[in-house]
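Novice: Show me how the following folds:
(one chain, ligands or ions: 4)
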Amino acid sequence: MAEKALKAKCLLCGSEFTKAGMTKHLQSCLPKDIDNSLKQKDLKRHPFFHILVTGSDSPEYWLHLKVKSESGLKDLDQFFRDIWLECCGHMSAFSYQRNDLPMNRKLKNVLSPGMELLYQYDFGSTTELLVKVIAEYKGSIQKNKSIQILARNEAPEILCNECGKSPAVQICTECQWDEAGWLCQSCADEHECGEDMLLPVVNSPRTGVCAYTG
Ligand SMILES: [Zn+2]
Ligand SMILES: [Zn+2]
Ligand SMILES: [Zn+2]
Ligand SMILES: [Zn+2]
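Specialist: Ligands and ions are numbered 1, 2, ... in the order given. Alright, predicted model coming up:
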């Protein structure tokens, strides 16, 4: 799968950037956003982290997040499950330099800028994420929102392995390992492995894995 230079939108200012440009952009856009919101209203300042989450084996899937430092690893875990991962309630874990981190730890007691954690969901058909701490700030936080999405990758367009013409919308879990399982709807309808083997293509590093349907 070739990684095209897809652009995604910064949800703070609306400008569009590639994956490489977004990290740089947010390092200037986020402090500006903090300044602006503090000028507008006299809001309480909370410490938060700017975090970049990327699929280990599929870096075309990524999220920039603003996460309240008071929240816990278990809140991040729940967030990853909701947006990207949850299929059958598998186990998951965060680790740093091969040491597992307890889920009840608060981010402020674990994270610091520059640090990179590993996150694994499902120890059978594992989806692994890299959690990189870009920076820490103090600023206003959206009400009742301990985690806010700053930017998210656009769904990569992957062409059907059979006809090579239309975008794939289904994945055959039997055939996907030899790069033959990504199918457009009409090729999926005729696919020999049958409907039970098919999973929908979704914008997640867990697309086509286990029973993940988005
Ligand atoms: Zn921006
Ligand atoms: Zn599962
Ligand atoms: Zn096709
Ligand atoms: Zn198949």
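Novice: ok now the longest strand seen in the chain, how far from the chain's centre?
Specialist: When the chain is parsed with DSSP state E, its longest strand is strand 127-139. Relative to its parent chain, strand 127-139 has a centroid offset of 11 Å by Cα atoms, centre = their mean, to the nearest Å.
Novice: What strands flank that strand, and is each parallel or antiparallel?
Specialist: As defined by DSSP bridges, the strand partners of strand 127-139 come to strand 46-55 (antiparallel), strand 116-121 (antiparallel).
Novice: and the shortest one, does that touch ligand 2?
Specialist: I take that to be strand 116-121. No: between strand 116-121 and ligand 2, judged by Cβ under 5 Å from the ion, nothing touches; the nearest distance is 9.1 Å. In this view, the C-beta of every residue, glycine as well, is placed from N, C-alpha and C.
Novice: buried stuff in the longest strand of the chain?
Specialist: Going by neighbour count (16 or more other Cβ atoms under 10 Å), the buried part of strand 127-139 is T127, L129, V131, K132, V133, I134, E136, Y137, G139.
Novice: which residues of the protein fall in helices?
Specialist: Secondary structure of the chain by DSSP state H: the helices cover 19-40, 73-80, 185-190.
Novice: Okay, domains of this structure per the record?
Specialist: Using automatic domain parsing, the domain parsing of the chain gives 8-152, 157-214.
Novice: Any chance of CSV for those domains, columns mean pLDDT?
Specialist: Compiled in CSV, the domains of the chain are given as follows (pLDDT from 0 to 100):
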stretch, mean pLDDT
domain 8-152, 94
domain 157-214, 93
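Novice: Can I get these in a markdown table including distance to ligand 1?
Specialist: Formatted as a markdown table, the domains of the chain follow (distance: least, Cβ to the ion, whole Å):
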| stretch | distance to ligand 1 |
| --- | --- |
| domain 8-152 | 3 |
| domain 157-214 | 21 |
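Novice: just so I know, which of the ones you listed lies nearest ligand 4?
Specialist: Nearest to ligand 4, of all the domains of the chain, is domain 157-214, at 3.1 Å by Cβ to the ion.
Novice: got the residues of this protein near ligand 4?
Specialist: C172, E174, C175, C193.
Novice: again, only this time at 8 Å
Specialist: Proximity of the chain to ligand 4, by Cβ under 8 Å from the ion, involves residues C172, T173, E174, C175, Q176, A180, G181, H191, E192, C193, G194, M197.
Novice: who are the neighbours in contact with F49?
Specialist: Contacts of F49 were listed using Cβ atoms under 8 Å, 6 or more residues apart in numbering, and they are L65, K66, V67, S69, L107, L111, P113, V133, I134, A135, E136, Y137.
Novice: Check those against K24 and report the nearest one.
Specialist: Among the contacts of F49, I134 lies closest to K24 (Cβ to Cβ), at 10.1 Å.
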